[in-house]
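[1] Requesting a structural model of the entry that follows:
(2 chains)
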Protein chains: 2
Amino acid sequence: MDKQKLQTLKGFRDFLPAEAKKRQYTIDIIRRTFETCGFEPLETPAIEYQEVLLGKYGEEADKLVYQFEDLGGRPVALRYDQTVPTARVLAMYNQQLPTPFRRYQIQTVWRAEKPQSGRFREFLQCDADLYGSASPLADAEVIALSNLLYKNLGFSKYKIFINDRNILFKLMASAGIPEALHFRAIIEIDKLDRKSIDEVSESLKTIGISQENIDHLFHHLDEEQSPDNLKKVIEYSQKLGVEEDKLHFQARLARGLDYYTSTIFEIKIDEYKAGSVLGGGRYDKLIGKLSGVDMSATGFALGFDRTIEAMEQFKLFPPIQQRNSVLVSVFSPELSDESALVVANLRENNISAELYPDEGIKLDKQLKYADKKGIKWLVVIGPEEAEKNSVILKDLETGRQEDIKLEDLVNKLMKSSQ
Amino acid sequence: MDKQKLQTLKGFRDFLPAEAKKRQYTIDIIRRTFETCGFEPLETPAIEYQEVLLGKYGEEADKLVYQFEDLGGRPVALRYDQTVPTARVLAMYNQQLPTPFRRYQIQTVWRAEKPQSGRFREFLQCDADLYGSASPLADAEVIALSNLLYKNLGFSKYKIFINDRNILFKLMASAGIPEALHFRAIIEIDKLDRKSIDEVSESLKTIGISQENIDHLFHHLDEEQSPDNLKKVIEYSQKLGVEEDKLHFQARLARGLDYYTSTIFEIKIDEYKAGSVLGGGRYDKLIGKLSGVDMSATGFALGFDRTIEAMEQFKLFPPIQQRNSVLVSVFSPELSDESALVVANLRENNISAELYPDEGIKLDKQLKYADKKGIKWLVVIGPEEAEKNSVILKDLETGRQEDIKLEDLVNKLMKSSQ
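    Residues are numbered from 1 along each chain as shown, chains lettered A, B, ... in the order given. I've put the predicted structure just below:
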C-alpha cells in the first residue's frame, strides 16, 4: 500500500478500541433489554438477490441501494434495511416461527447517501418488531420496550411522543385536503419539530393545499383528542411500566415513512438537539405487500449513532479506566516465568490481566503502555518480591502502591472491583 | 416478491432465533475471553477501496474478492479478511494506538468461493493478534488465549499442536530440496493429518522432489527436537496456564498460509472430524509488506462455524428451555391490565418476561406459543386470582403448577434460576 492510498471511503468508519468498546457496551445493554422483553435475535445475509431488495423502498431509496453483479453474474445488492429481509424470512419460514413473533435484529446496513455530518453510508441498525398481532397490547409492548431501552442505557430525561396516524388522515379529510396529497402533507407536518407553523404552512401551500384548508388543519390539530385505540395503547404502556410523565400524546406527530397505518411514536432526549433517537409504529400492510404473507406488525428502529452521541453528551459511558484490569510487567527476562504465573492466576479468577509481552523492556515504558491503555493496576515482580512471594501492586489512578503477598492479590483485586 | 423469488443466495444463511442465540452465546464467551486477556475490539468498514484490499492475498484469492463500483464510480471491494484492514489501521493510526497492541476483531467477511458443505460465502471471522513484539512471550500470550477460549467454551478434550516453521525450512534445506519448492512442499506436508505419508510422498514427487530427498525429510521429521525459541514459547505458554497434556510439539505441522515466519500452532478437538478449529502463528513480515510500517505480529483466527459445529457435537449449548423466561398470558380483555402490571414487575427485577400481545385468544393457544418458544414459566391471572392478588404459575418443563401470592412471584422465580 502506498502511504497516500491508506484511507477509508467517505461515509465509512474505523472504530478504534476506545470507540468500539463504547459501541459494544451500548449493544450489550440493548440486546439484554430486548431479551428481557422476550424479543429474539434474527440474522439475515448482507447480500441478497436484487429482486428481493429492489422496488420495495420507493424509487428514490432504490437509487441508494448498493447494487452489483456477483462472480456468477447474478444481480445482487447489499442490505439497505432490516424490514425487507425480515419480510422474506417471515414468508419463507412461516411454519417454523412462533406466532406472534417478536424479533430483534442488530446488523449493519449500507446506503449510498451523500455523506454529511451524522450521516453515514455504513451504519448499525437496531430494530425490534412484533409480528402477528393487531392488538393495542402489541403496540404497548414495543413502546414499553423502547422506554426500558433508554432507561437501561442510563437516560432519565426523555419523552415518548405518540399519535395515531388516523387522526391526521381524518383531519385532512375533514379539512377538505384531497387524498392524493395526504402523504405529502404528512411529510411536511412531520417537520413541525424543527420548523415554524408559518414555514410548514408555506410548504403545504406549495404542494397545492389552500390557506383555508391549512388553517382548518392547524386549528383542529391542537384540540384533537386521542382516539379509543390510542387510549388503550397509552394505558397498557403505562401498566407495562412507562411512567406517565414520559408518554405524551401529540396529534401533530407524523413520522416520515409512508407505511405506518395507525399508532406512531418516537423518543426524544431532552437537551439532545439532533432529533429523535428512536421511532416506530404500527404497519399492518407492509409485510403482506413485501412478502405476499399478510401479517400485522408493530415495532421500531433505534438510531444507534444518535444514541451513542447522546450518551456521550450525558456522560453515560463508564470511565475509560478499566475498573479491574491488570498489567503484569516483566521485570527482567529471568523473572518472566514469575510474571506469567501471576497472569494465569488472575485470569483463572476472571480478572482481566495481561502479561507485558516482551522481555528486557524498561519498567518505565511498560508503565506508559498501561497508562495509554487505561489499565487500572500495575503489578511488578522484581528479584526481592520473587524471593518473598509478594508483588508490588500500583494503582495507576491514584499512584498509590503497596507490597502485597501473592496469595492476597486476587482477593484484593476482587474486593476493589465491588 | 413472488413466492418463487423468496430465496437467499447460495453460500449465504439466515439465522433464525434458535441458531442466532447459539451464535450469540458463543460470541459472548469469545469476546469475554479476549477481554480477560487484555485484547481490545477493533472494527473496520465492510467496503474498502479495491487498492487497499487487492494484490495482498495472491492472485487466486483476489479472484474471490467481491469487487464492484460504487455510485461514484469508485472501484470498491468487500472485506475478505481482517488482517489487511488491520494493517491499514496500524499504518494510519500508528501514533494513537498503544505498542504493543492487542486487538481482536469479530466481523463478517465475504469470499466468492464455490459453496459446499461447511464452506460459506459469508461467514464470521474471529481474530486476535498481538502487534509490536517479537518475543516468545507474545506467542505464549496468544497461545494461552486460544487455550482459554476453548476451555471457556466448555471443551475439555482438545490439543494444541505447535511447531516452528524454521524446522521445516531447515530440514528441507538439509534434505537438499531446492528453495523454490519449499512453500509448495509445505502445503503438501500440511496435508499429513488427512493423508497418508505415501500419498503426501506422491504429491511431493509430483512437484519435483526426489524420492531420496523425501525419505530424508520424513526420516528426520520424526526425530526433530523443538528449537530454543519454540522451547521458550512452550514453557511460557505452560506458565500462562496451558496444561502440559494439551500442548504438543509436532515437527510436521506446516499450516497452509505462506506468511508465517516462525511459531505456528493449531487447535484440534478430539473426535471432531472436520479439522482444526483455530490456527495461527507468528508473521513478522506481513504487516510491513501490507502497510509499509514494519511490525512484528503473532495471532490466530478462530473458525467460528466449525467451533459452533463442534459445540453442537458435544452438546455445549445451554438447553433451549430458557431458564427463567416467563409468558404472562392474557386471560380476558378485562384482565389485560393485571397481566401487564405483572410483566412490568418481573422486568424491573431483570426477569425476562413477555405479555401475550393479544386479547381474546384462548389460553390453550397462548400455552402452545410458550412451548414453541421454549419459555419456562406460564403465568395465568384469571378473575379468581385477580380477586385474591395471586397468580397461577405453571412450570412448562415439568407441567407442575401452583397458586402463588403476587408478592412472592419475583422471589420464587429468582430462586429457581439459581
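[2] Show me which residues of the helix or strand hosting residue A:32 are buried.
    Using DSSP states H and E, residue A:32 falls within helix A:17-36. Within helix A:17-36, the residues that qualify as buried by neighbour count (16 or more other CB atoms under 10 Å in any protein chain shown) are A:17, A:20-26, A:29-31, A:33-36. C-beta coordinates here come from the backbone N, C-alpha and C atoms, glycine included.
[3] quick one: low-confidence ranges for chain A?
    Along chain A, the model assigns pLDDT under 70 to residues A:1-4, A:320-322, A:418.
[4] Apart from its neighbours in sequence, what residue is nearest the most centrally placed residue in it?
    Within chain A, one residue has its C-alpha closest to the average C-alpha position: by CA atoms, centre = their mean, that is residue A:304, at 3.1 Å. Leaving out its chain neighbours, the residue that sits closest to residue A:304 by CB to CB, 6 or more residues apart in numbering or on different chains is residue A:124, at 4.4 Å.
[5] got it, and residue A:250?
    Excluding its sequence neighbours, the residue lying closest to residue A:250 (CB to CB, 6+ apart) is residue A:161, at 4.5 Å.
[6] Wasn't the one you found part of a helix?
    No - counting by DSSP: H, G, I helix; E, B strand; the rest coil, residue A:161 is located in no helix; its state is strand.
[7] Centre of the chain to the helix or strand containing residue A:140, how far?
    Element membership for residue A:140 (DSSP H and E) is helix A:136-152. When C-alpha coordinates are averaged (CA atoms, centre = their mean, to the nearest Å), helix A:136-152 and its chain have centres 15 Å apart.
[8] could you dump it to PDB, C-alpha only?
    Output in PDB follows, covering the C-alpha atoms of helix A:136-152 (Å, rounded to 0.1, in the frame of the first residue of the first chain):
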ATOM      1  CA  PRO A 136     -53.000  -2.400  21.200                       C
ATOM      2  CA  LEU A 137     -51.300  -4.700  23.700                       C
ATOM      3  CA  ALA A 138     -48.700  -5.400  21.000                       C
ATOM      4  CA  ASP A 139     -48.100  -1.600  20.400                       C
ATOM      5  CA  ALA A 140     -47.800  -1.200  24.200                       C
ATOM      6  CA  GLU A 141     -45.200  -4.000  24.400                       C
ATOM      7  CA  VAL A 142     -42.900  -2.300  21.800                       C
ATOM      8  CA  ILE A 143     -43.400   1.100  23.500                       C
ATOM      9  CA  ALA A 144     -42.700  -0.300  26.900                       C
ATOM     10  CA  LEU A 145     -39.600  -2.000  25.400                       C
ATOM     11  CA  SER A 146     -38.400   1.300  23.900                       C
ATOM     12  CA  ASN A 147     -38.900   3.000  27.200                       C
ATOM     13  CA  LEU A 148     -36.900   0.400  29.000                       C
ATOM     14  CA  LEU A 149     -34.100   0.700  26.500                       C
ATOM     15  CA  TYR A 150     -33.400   4.300  27.300                       C
ATOM     16  CA  LYS A 151     -33.900   3.800  31.000                       C
ATOM     17  CA  ASN A 152     -31.300   0.900  30.900                       C
END
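[9] between that helix and helix A:17-36, how big is the angle?
    For helix A:136-152 and helix A:17-36, the angle between their directions (axes from the mean of the first three to the mean of the last three CA atoms, to 10 degrees) works out to 150 degrees.
[10] And stretch A:210-223, how far out from the chain middle?
    For stretch A:210-223 - counting by CA atoms, centre = their mean - the centre lies 36 Å from the chain centre.
[11] An error on my part: the question was meant for stretch A:318-337.
    The offset between the C-alpha centroid of stretch A:318-337 and the centroid of the whole chain comes to 33 Å, using CA atoms, centre = their mean.
[12] Close to chain B: what parts of the stretch 251-400 of chain A are there?
    When proximity is defined as CB under 8 Å from any CB of the partner chain, the stretch 251-400 of chain A approaches chain B at A:290-292, A:325, A:327, A:330, A:336-337, A:340-341, A:343-344, A:347-348, A:350-359, A:369, A:372-373, A:375.
[13] Show only the entries of the residues you listed found in helices.
    Using DSSP state H to define helices, the subset of these located there is A:290-291, A:336-337, A:340-341, A:343-344, A:347-348, A:369, A:372-373.
[14] Check those residues against residue B:278 and report the nearest one.
    Looking at these and their distance to residue B:278, the nearest is residue A:347, at 17.9 Å (CB to CB).
[15] and the residue nearest to residue A:304, what does it touch?
    Going by CB atoms under 8 Å, 6 or more residues apart in numbering or on different chains, residue A:124 touches A:23, A:27, A:106-109, A:304-305.
[16] Ok, residue A:317 next?
    With contacts taken as CB under 8 Å, 6+ apart, residue A:317 has the following neighbours: A:22, A:25, A:311.
[17] Enumerate the positions of stretch A:111-125 that are buried.
    A:111-112, A:120-125.
[18] Then stretch A:74-93?
    Within stretch A:74-93, the residues scored as buried using 16+ other CB under 10 Å are A:76-92.
[19] Same question for stretch A:48-59.
    Per 16+ other CB under 10 Å, stretch A:48-59 contains these buried residues: A:48-54, A:56-57.
[20] now swap in stretch A:318-332 and tell me
    Of the residues in stretch A:318-332, those with enough neighbours to count as buried (16+ other CB under 10 Å) are A:322, A:324-331.
[21] Columns distance to residue A:282 on top of these, output as JSON lines?
    Converted to JSON lines, the buried residues of stretch A:318-332 look like this (distance: CB to CB, whole Å):
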{"residue": "A:322", "distance to residue A:282": "43"}
{"residue": "A:324", "distance to residue A:282": "45"}
{"residue": "A:325", "distance to residue A:282": "46"}
{"residue": "A:326", "distance to residue A:282": "51"}
{"residue": "A:327", "distance to residue A:282": "53"}
{"residue": "A:328", "distance to residue A:282": "56"}
{"residue": "A:329", "distance to residue A:282": "59"}
{"residue": "A:330", "distance to residue A:282": "61"}
{"residue": "A:331", "distance to residue A:282": "65"}
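[22] wait, what's in contact with residue A:5?
    With contacts defined as CB under 8 Å, 6+ apart, residue A:5 is in contact with B:49, B:51-52.
[23] Which residue is the nearest non-sequential neighbour of the closest residue to chain B within the stretch 251-400 of chain A?
    Of all residues in the stretch 251-400 of chain A, residue A:354 sits closest to chain B, with a separation of 3.0 Å (CB to the nearest CB). Computed as CB to CB, 6+ apart, the closest residue to residue A:354 that is not its neighbour in sequence is residue B:38, at 3.0 Å.
[24] Thank you kindly, that will do.
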